[in-house]
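Novice: Everything below, folded, please.
(one chain, ligands or ions: 2)
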Amino acid sequence: MAEKPQLVNNSPEDVETDDPDLLIDQVAFITGGGSGIGFRIAEVLMRHGCDTVIASRHLEKLAEAAKKLTSTTGRRCLTIAMDVRQPEMISAAMDEALKTFGRVDILINNAAGNFLCPATSLSFNAFKTVMEIDTMGTFNTSKVIYDKWFKDHGGSIVNISATLGYRGQALQVHAGSAKAANDAMTRHLAVVWWCEGEYSGSRPHLWHRGLP
Ligand SMILES: CC/C=C\C/C=C\C/C=C\C/C=C\C/C=C\C/C=C\C=C\C(=O)SCCNC(=O)CCNC(=O)[C@H](O)C(C)(C)COP(=O)(O)OP(=O)(O)OC[C@H]1O[C@@H](n2cnc3c(N)ncnc32)[C@H](O)[C@@H]1OP(=O)(O)O
Ligand SMILES: NC(=O)C1=CN([C@@H]2O[C@H](COP(=O)(O)OP(=O)(O)OC[C@H]3O[C@@H](n4cnc5c(N)ncnc54)[C@H](OP(=O)(O)O)[C@@H]3O)[C@@H](O)[C@H]2O)C=CC1
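Specialist: Numbers count the residues shown, from 1 in each chain. Ligands and ions are numbered 1, 2, ... in the order given. Next comes the predicted model:
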């Protein structure tokens, strides 16, 4: 039985699982893993035995996060500068991840852009920017990692969503629209990459419980 993992800062207690070794030596690729929810996901996975890749635009922020994560959990954390709007950057990042760890088992599509803005003041480019980061970014990253690894080896894709678009909300037409598109994308990819057996072993999941 593995030792009880060490908690970082004020982490909540973990939910018990039947198999405490489930994640040992798995590799998780987390977009936007240098801050907020992505950082916490990295920390939890690492405490349970995963190595991680944390990827986003600002390398300094990632390096600082990785230092904290590795020193507290003892697991490896690779930092990669990457914009989810740029498929070539994602492709290079995935090559580096495979070179370093030899595998990727879990993709967490967490990177997103958002701000509060009334629809009447929102510029065309502002709406487009959020769609490109949240929706295109999720598709780009999923496709690159699926093509390069999951197609032949299987893996899990977790898309971090939001409930904003369920009923509509002020100041959030851009993010609510992007996340609603992601929810549909998740269901489509779950069908074609798993249920229909178009390829085997990769299953996208949607995660939004407790998020607005
Ligand atoms: C999101 C909430 C933020 C603050 C919350 C504050 C108070 C909370 C109070 C009440 C809560 C109410 C509702 C809940 C709200 C949200 C919770 C639910 C979901 C949250 C989802 C999230 O995704 S949170 C993650 C947030 N993190 C980030 O966004 C980090 C990364 N962000 C960025 O990089 C930028 O903000 C970016 C998204 C704009 C992207 O940067 P970049 O590619 O460099 O783009 P720019 O060139 O700077 O801008 C592109 C166009 O967008 C226009 N723009 C940028 N900022 C604003 C703004 N604040 N308001 C309006 N328009 C903006 C910019 O002008 C550009 O358009 P042009 O036409 O001028 O070219
Ligand atoms: N906070 C909340 O209340 C809620 C959050 N969510 C979702 O949770 C997830 C995490 O949000 P949260 O932790 O709050 O926000 P953060 O701002 O802390 O995290 C967003 C991360 O995404 C990265 N990022 C942004 N744009 C890009 C890009 N173009 N390419 C690569 N990485 C990028 C940022 O890093 P960098 O700047 O280095 O690129 C940052 O680390 C998001 O999907 C968000 O939509 C959903 C509902 C509510």
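Novice: Could you check stretch 35-51 and say which residues are buried?
Specialist: 35, 37-51 (16 or more other Cβ atoms under 10 Å). Using the backbone N, CA and C atoms, a C-beta is placed for each residue, glycine as well.
Novice: cool, stretch 20-27 as well?
Specialist: Neighbour count says stretch 20-27 has 20, 23, 26-27 buried, by 16+ other Cβ under 10 Å.
Novice: can I get these in a markdown table with pLDDT and distance to ligand 2?
Specialist: Listed next are the buried residues of stretch 20-27 as a markdown table, based on pLDDT from 0 to 100; distance: Cβ to the nearest ligand atom, whole Å:
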| residue | pLDDT | distance to ligand 2 |
| --- | --- | --- |
| 20 | 75 | 27 |
| 23 | 93 | 20 |
| 26 | 96 | 21 |
| 27 | 98 | 19 |
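Novice: rewinding a little: can you narrow the buried residues of stretch 35-51 to ones near ligand 2?
Specialist: Of the residues in these, proximity to ligand 2 by Cβ under 6 Å from any ligand atom holds for 35, 37-38.
Novice: Show me these that map onto strands.
Specialist: Mapping these onto strands (DSSP state E) picks out no residues; all lie outside.
Novice: JSON lines please, covering those residues and showing pLDDT.
Specialist: Output for those, formatted as JSON lines (pLDDT from 0 to 100):
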{"residue": "35", "pLDDT": "98"}
{"residue": "37", "pLDDT": "96"}
{"residue": "38", "pLDDT": "98"}
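Novice: Find me the pLDDT at the residue in the chain positioned nearest to ligand 2, would you?
Specialist: Going by Cβ to the nearest ligand atom, ligand 2 is nearest to residue 36 of the chain, at 2.1 Å. The score at residue 36 is 97. That number is its pLDDT.
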